[in-house]
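1. Build the 3D model from these lines:
(4 chains, ligands or ions: 4)
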Amino acid sequence: MFLDSDLLMSALRALTPILLAALGGALCERAGVFNIGLEGMMLVGCFTAVSTSWFTGSPWLGVLAAALAAAAYSLILAVGAVTLRGDAVVLGVAVNLLAVGLTSFLLRTVFGVQGTFDDPDLAGLPLVGGFSPLTYLAWAAVAVATVLLSRHVWGLRLRGVGEAPDAAATLGVSPVRYKYAAVLVSGVLCGLAGAQLALGNVTLFSENMTAGRGWIAVVAVMLGRALPLGVLLAALLFGLAEAAGFRLQGLGLPQQATDAAPYIVTLAALFLTTARRRGRTTRTTRSSGAAS
Amino acid sequence: MARIPDLAALSKALRSPVTFSVLSGVVIGALFLIGTGADPLAAYGAVIAGSLGAEGIGSTLSTGTSVLGMALALAVPLRAGLINLGGDGQLVLGGIAAAVTGLYSPLPAPLTVVLALLAGMAAGAAYAALAALCENHFGVPLLVSSLLLSYPAASLASYLVRYPLKEPGSSLPQTRRLPEGVALPAFGSSTVTVGLLLVVLAAAAYWFTDSRTAIGYEIRMTGLNSRFTAYAGVERKGLTLRLMATSGALAGLVGAIGVLSFPYRFLDGALTAPGYTWTGLTAALLAAAAPLGTVLASFFFAVLQVGGLSMERTTEVPRELTQVLQAIVIVFLAARLRFPRRRKSTDREPVAQGEFA
Amino acid sequence: MTRQPSDRSAGTAEVPAEGLSTSEGPSAVEPGDAPAHAPAAVELRGITKRFPGTLANDAVDLTVRHGEIHALMGENGAGKSTLMSVLYGMERPDAGSIRIDGREVSFSDPGDAMAAGLGMVHQGFKLFESLTVAENVVYAAEPRRFGLVDRAAARRRVRELAEEHGLIVAPDAGVGDLPVGLRQRVEILKLLHRGARTLILDEPTAVLTPAEADALFAVLKSLAAQGRTVILVTHKLREVLEVSDNVTVLRDGRVAARLRTAETTADEIAAAMTGRAVELDRVHPPGTPGDVVLDVSGLSAGDAVRDVDLTVRAGEIVGIAGVAGNGQSELIEALAGLRPVTSGRVTLSGQDITHASAADRRTAGLSYVPEDRHAVGTAPAASVADNLAMGHHRTALSSRRGLLPPTAARAHARRLVERFGIKASTPEVPASALSGGNLQKLLIGRELAHDAPLLLVEQPTRGVDIGAIQNIHDELIAYRDAGHAVLLVSAELSEIHGLADRVLVMYEGRVGVTYAKDEADERTLGLAMAGGTAQQPQAATQDGDGD
Amino acid sequence: NAAAKDSADDAGTSGGKSFTLVTPDPVGQNEFLKLAVTGLKSAAKAHDGSQKVYQSSDTASQQQNVQAAVDAKPDVIVLVGFEFADIVAQQAEKNPKQPFLMVDACTTKTFKNVSCAVFREHEGVYLAGAEAGLLSKSGKVGAVDVLDTPQFRRFSDPFAAGAKQVAPKTSTSTRFVGGQSPFDDSARAKEQANSLLSKGYDHLMAAAAAGNYGVFEAAKAKGAYAYGVDVNQCPSAPGTVVDNVIKRTDVAVEKGIEQVLDGKTGTTVSYGLKEGGISLTGLEDGVEDSQCVIAEHKDVLEKVEKLRDQIVSGKLTVDDPAAK
Ligand SMILES: Nc1ncnc2c1ncn2[C@@H]1O[C@H](COP(=O)(O)OP(=O)(O)OP(=O)(O)O)[C@@H](O)[C@H]1O
Ligand SMILES: Nc1ncnc2c1ncn2[C@@H]1O[C@H](COP(=O)(O)OP(=O)(O)OP(=O)(O)O)[C@@H](O)[C@H]1O
Ligand SMILES: [Mg+2]
Ligand SMILES: [Mg+2]
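-> Numbering: from 1, shown residues only, chains lettered A, B, ... in the order given. Ligands and ions are numbered 1, 2, ... in the order given. Now for the predicted structure:
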């Protein structure tokens, strides 16, 4: 049968890095910071994970270092967009660009290779039940993020900060602090996404290996309306479309068609969800300025 | 802009965020170089010599053609606060349309060239307009619709050139070479073609529209406050559609120029691999889409790209350094540069203009 | 030290001011229940706050006793909000000290101020529209269970407080769905939840009907009776006289007068506010109406505007009164072409414009001064010249081929700056550099310059001080007298009363009776604005609870 | 590997001959390009000359690098890859005195100053396919290619043909990595391999460039087998990689330079099984130490050797998908 457990496994593996990054993106979105630098933060995570695992021999240290490095890297966005009030979109583009340059530069100066670093001695993450532990972590993160955002004090404050920073400030909640926290946590999650990609999905680093996954995460945030569960569904949709695409190649569909499939499916899903949303809320009137 | 440069203007220019950012980028880049044991002076010297020297200037100008073309394509909607992330798709469709026209047009060669350019522009425009329609009629944000539409376009072009349009016997996914004469004339023996003139003309037209026409004024004001222009009767959806179509036409033009220049055929991936779309976008963002600034930023990035490759050939410094440099400049500038998009009404902070001045 | 006010109110102001500003010694007045020797609830000394180009507070002293309702008055820009921001820890003063209950304090953020027992309702609401009432009330002071927000406890708390203070509002209602009167309650509940002993309310009644305002005052009085202290920031004389115990008047950042409410008059306060005698509530002579310019019949636009009929003739000003949120803005937007019309018919000078675009309506002879001058009426980042060109750029300023020579725009800007007395150093400065009053002049000047048969104008003098108000009113009257039709929406009843030849009241999207100029006194209008009955807020509460 | 460094080190030692190699992609872990660099170095050593490697990453940098190479006028400019056909044709015409050596491709027109060395990989892939056909338990063998292009079809179609030659009932299938960076996306390559493995395919030809490592990982996890390309890739996944289609780019570069220096320009040399330019690790000396699975299957090797002999003698011809 076409839909089988292998397809699902494949989809789940493919979506893990996207899911982790998209959760980070969703937190930022909720805090009112538009984060399109997920791709770059993830790539920094990939490189740090591989290099740390290589030099220490421990993939776990690699994961830890990836989370820390990507969080540190995310400070560019935090300082630029929150403290200096720069344009988040421009900063996000720059964060992505810098990550490609920086990791390629370091790949050459640290490992002396260009393109790909791979070695049989490079320790990847162990598999538990067919998945890397970070896969389970990603799913747990969905649950945690859901509870955090909807029920936890921190989440309530974060949502308030994202919606009306002035109002939060008058109640003694520092929007800056919450925005920083959201960006840093997104950095951590992107770092984990990178570690999963480079030590879980495969065990190697290659230049620009995120290959657009960060952008998909950005789209997943929009499609999932920045809700953890929504983001999960969006990532799942994309993962399934991609995994199904692989299958369809086997049925003779040209590679170019299967390449395009996930994007078309995502766009179609966006059409449907936004059309429905607009049908529901014709009443909201004065929000035209807030729509981006 | 047309003021006589006096001392105040000079000091203002020196204190401008642009100068500051470029200098910061250069300094941080130098620290990187020292950190890896290289000589910053030699490296930067190699960048300058390799891009502006006699042997490099041709490459800089031909790279600059594509970078500037894409930068203009992305600047036009950006001026009104719209971000077109689908440049790659529009570029590729422009290229393939030009290739098909070039291969199958029954007209004499010079007319075919014109027709191919027009076909490229039309294809790019139509596809970009599709993204605008997604925003206007389905409420999918332009940023996302243009990005998502870009991938299928690239896949479509890839399919066409792999199967129906493939050059028989070639082991590459490429079309046949365009017939003799179906090419943009080059300057002397250089790689610089009339394409550069076309793009520079487009830049001039953009400058003129921006500063001297009513529609340019409306676009600028929309970028600063779209509710303001809507209130004054500027129709948002129509403007989005027209701006995106223009943007796509320019991207398509770059694609057509690429196909009508050496090697005179459409080769899968050749148009997008050098990343002109991203470089162009960053140039446009850097300049806040201001016409003159966009031209200067594009030239600056072309210099960095060509110079970086040359630096790698002559010194042992990886070319990624220039990419890092480019990104640092943008980070520094972005942190100080604010776009009026999405601005809250209560914001009264002065807005830094991204003009290079 | 007390600054000597230099105007004619100085004499009267001086004596009670001395009495109020010293906490020691016998006092002639006994505001509230606090014993005279007890330290004041709030004592500001020599507060100075400077913004680039503006001295917002200049050595301001303010003493507020326990259990007192203290009014802080002043024109727009006098420094009231700034002073309260300083007190509330949102702004650091450049000089001066703050004492709460006699203890010197220094707040670095509102959290500190709240901890010291202060609470503030800000000018314009500071609420989270997507959150529920309960979430808004407990935000940043949440009852918790295992680190999670204890929603049941939050709801309980809201109900308790609501009952205790007569501020009924449904805890689970989304704040975005509440009418303004109820939002005001949520703001106050927020403070009570935090146990605020001193409540600062910055222009709390700007958006309330007189009846809602009265209900609010009843609540404030009962809070004061409980021993809480209230600082009421306002520029409405009626309210001050009705509710406060003492008044401090600010002018240009300085204390202009300290008055005891019982011993002062409206004229005295107004004079202290402006520094000269002012003719309160000027009423302009009526116009001479001509042909119908705007004819609206059965107009509906979504839920906000329902079956509205109205006409505006050349040479008359028709005023629309109403509490904010009853569809006035939506009506104007529908007329301006910014909101789709669901049914009905609109003609302008005989031309059907029901479904015309905004641009076509302007061509047909309409100009429009919107309510929100920063978000809608201007592009603050653009230059004054660019802002003044908007709307004229396709007509007067550009050639037939769509060219827009920068010189033409500059010349046009200079003309308007001169004609309307806009204070701008050059036409090239960004509009954001203009003061509120000047920005409003820019906006009104630009729209009047169209010489369009119909002018739609919303809140023409909101946030503008008295000098500028009179100026703007004169311009509008002159425009009317030149034979144009004007449709005026204002929340200021005195403005409507003073300018309009006929008055309509909008309530829940509908327009009721038309009042002639002499019928339209503030009492009548106030009643009509509340839907004909003073019980309206109560009714809305019940709706909210029913959800 | 760190080729840029080498070139800078050697740049000063003039006197002898000078050679410049321009690659279409970064050398990195690209075994094929690494071998070309090795060949270039041995040529430089043999002629007491100097060598430079210019690494490109896209069409624009390819053109700029070739231009820079031409401007420096070395004794031989070596170019590896199909991508250079148009550029070399253009430059060769403009610079008739400059000798070029193209490896792995040739210009369509012949030029006096352009020599070419091409490979018949399909012959080697065919033999690998035969091994797979003989070893497969499930009777299903597949391939993972970078992209659906003729040049990569050379690694999948003959693989299927070889398997069917020895086991006619074998079913075959090919997957293409595709995506946004097909040459580097090992994660996608791995998933493509998995999609084959989950359908029961147990022997996979890996022609996924950097993605090969992903293919090996996938095969290893499922206990299946894979085939490498260009060099001996068995050590990267011992017990999983059965054999490799060896492409002696180093030999082609070294011999090519030799010929050009000898004045034999304008010729095309084709390397296949017969010339020893294409081979399998299993058919070379030192199979025992190669860590390849095939070392344990002498019987299979015997059969494959026979096939090879037939191809070498011309009795058997392998279809070249890239020639279609
Ligand atoms: N953040 C700021 N930066 C610069 N100037 C400011 C700032 N906040 C207030 N001002 C200026 O300080 C002065 C006092 O403003 P404030 O808001 O305190 O007046 P107000 O009395 O509350 O007026 P209103 O009745 O309009 O609320 C004004 O001139 C105002 O423009
Ligand atoms: N938030 C702010 N940021 C920067 N400057 C401000 C801000 N608010 C006010 N200003 C400046 O303070 C000055 C006074 O502004 P404000 O709007 O209070 O004027 P005003 O006293 O009300 O004058 P007008 O009579 O024109 O209304 C203006 O020049 C304005 O540029
Ligand atoms: Mg105020
Ligand atoms: Mg003011």
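2. where does the stretch 201-324 of chain D have low pLDDT?
-> Along the stretch 201-324 of chain D, the model assigns pLDDT under 70 to residues D:324.
3. Right, and ligand 2 sits closest to which residue of it?
-> Nearest residue of the stretch 201-324 of chain D to ligand 2, counting by Cβ to the nearest ligand atom: residue D:210, 54.1 Å away. The way it works is simple: take the backbone N, C-alpha and C, and place the C-beta from them, glycine included.
4. Pull the number of nearby residues for that residue.
-> 29 (other Cβ atoms under 10 Å in any protein chain shown).
5. swap in residue B:168?
-> 7.
6. got it, and the one 5 residues further on?
-> The burial metric for residue B:173, expressed as a neighbour count using other Cβ under 10 Å, is 27.
7. quick one: contacts for the residue nearest to it when sequence neighbours are not counted?
-> Of all residues not flanking residue B:173 in the chain, residue B:268 sits nearest, at 4.0 Å (Cβ to Cβ, 6 or more residues apart in numbering or on different chains). Under the criterion of Cβ atoms under 8 Å, 6 or more residues apart in numbering or on different chains, the neighbours of residue B:268 are B:157-158, B:161-162, B:172-174, D:149.
8. re earlier: need the nearest residue in space to the residue of the stretch 201-324 of chain D closest to ligand 2, chain neighbours excluded.
-> residue A:116 (4.2 Å).
9. mind listing the helices for chain D?
-> D:3-11, D:31-46, D:59-72, D:85-94, D:121-135, D:150-153, D:157-166, D:186-197, D:212-222, D:249-261, D:298-313 (DSSP state H).
10. Could you do the stretch 1-150 of chain A as well?
-> A:5-31, A:38-56, A:59-77, A:88-110, A:133-150 (DSSP state H, counting those that start in this stretch).
11. Could you check the pLDDT of residue A:1?
-> The model reports residue A:1 with a pLDDT of 44.
12. Got the confidence number for residue C:9?
-> For residue C:9, pLDDT reads 39.
13. what is the orientation angle of the helix or strand containing residue B:159 with helix A:88-110?
-> Following DSSP states H and E, one finds residue B:159 within helix B:142-162. Here helix B:142-162 points in a direction 50 degrees away from that of helix A:88-110 (axes from the mean of the first three to the mean of the last three Cα atoms, to 10 degrees).
14. Report all helices and strands that helix B:142-162 contacts.
-> In terms of contacts (3 or more Cβ pairs under 8 Å, 6 or more residues apart in numbering or on different chains; DSSP states H and E), helix B:142-162 is packed against helix A:213-223, helix A:255-280, helix B:87-104, helix B:109-138, helix B:236-259.
15. Out of the contacts of residue B:268, which end up buried?
-> With burial judged by 16 or more other Cβ atoms under 10 Å in any protein chain shown, the buried subset of these is B:157-158, B:161-162, B:172-174, D:149.
16. Relative to chain C, which of those residues is nearest.
-> Chain C has its nearest neighbour among the buried ones among the contacts of residue B:268 in residue B:157, at 35.9 Å by Cβ to the nearest Cβ.
17. Pull the contacting residues for that closest one.
-> Neighbouring residues of residue B:157 by Cβ under 8 Å, 6+ apart: B:92-93, B:95-96, B:266, B:268.
18. at 10 Å what do you get?
-> A:256, B:88-89, B:91-97, B:99, B:165, B:173, B:255, B:266, B:268-269, B:271-272 (Cβ atoms under 10 Å, 6 or more residues apart in numbering or on different chains).
19. now do residue B:86
-> By Cβ under 10 Å, 6+ apart, the contact set of residue B:86 is B:74, B:93, B:124, B:127-128, B:130-131, B:142-151, B:153, B:244, B:247-248, B:251, B:277.
20. And the residue in the stretch 1-150 of chain B positioned nearest to chain A, how close does it get to residue A:275?
-> Residue of the stretch 1-150 of chain B nearest chain A, by Cβ to the nearest Cβ: residue B:139 (4.1 Å). Taking Cβ to Cβ, to the nearest Å as the measure, residue B:139 falls 7 Å from residue A:275.
21. so what's the backbone phi/psi at the residue of the stretch 251-400 of chain C found nearest ligand 1?
-> Nearest to ligand 1 in the stretch 251-400 of chain C, going by Cβ to the nearest ligand atom, is residue C:253, at a distance of 6.7 Å. Residue C:253 adopts backbone torsions of phi 90, psi 0, taken as degrees, to the nearest 10.
22. how deep is it tucked in, by neighbour count?
-> 24.
23. Do you know the pLDDT at it?
-> 89.
24. Next up, the contacts around it.
-> C:47-50, C:54-60, C:74, C:77-80, C:82-83.
25. circling back to that earlier point, and the residue nearest to residue B:173, how far from residue B:319?
-> 24 Å.
26. Name whatever forms a beta bridge with the closest residue to residue A:151 other than its chain neighbours.
-> Nearest residue to residue A:151 in three dimensions, chain neighbours excluded: residue C:148, at 4.6 Å (Cβ to Cβ, 6+ apart). Counting by DSSP bridges, residue C:148 forms beta bridges with residue A:152, residue C:145.
27. related to what we said a few turns ago, want to try TSV for the helices of chain D, with distance to residue C:125 and mean neighbour count as columns?
-> Formatted as TSV, the helices of chain D follow (distance: least, Cβ to Cβ, whole Å; neighbours: other Cβ atoms under 10 Å in any protein chain shown):
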stretch	distance to residue C:125	mean neighbour count
helix D:3-11	62	18
helix D:31-46	65	22
helix D:59-72	56	22
helix D:85-94	67	20
helix D:121-135	73	28
helix D:150-153	63	22
helix D:157-166	70	24
helix D:186-197	49	29
helix D:212-222	56	25
helix D:249-261	73	22
helix D:298-313	81	16
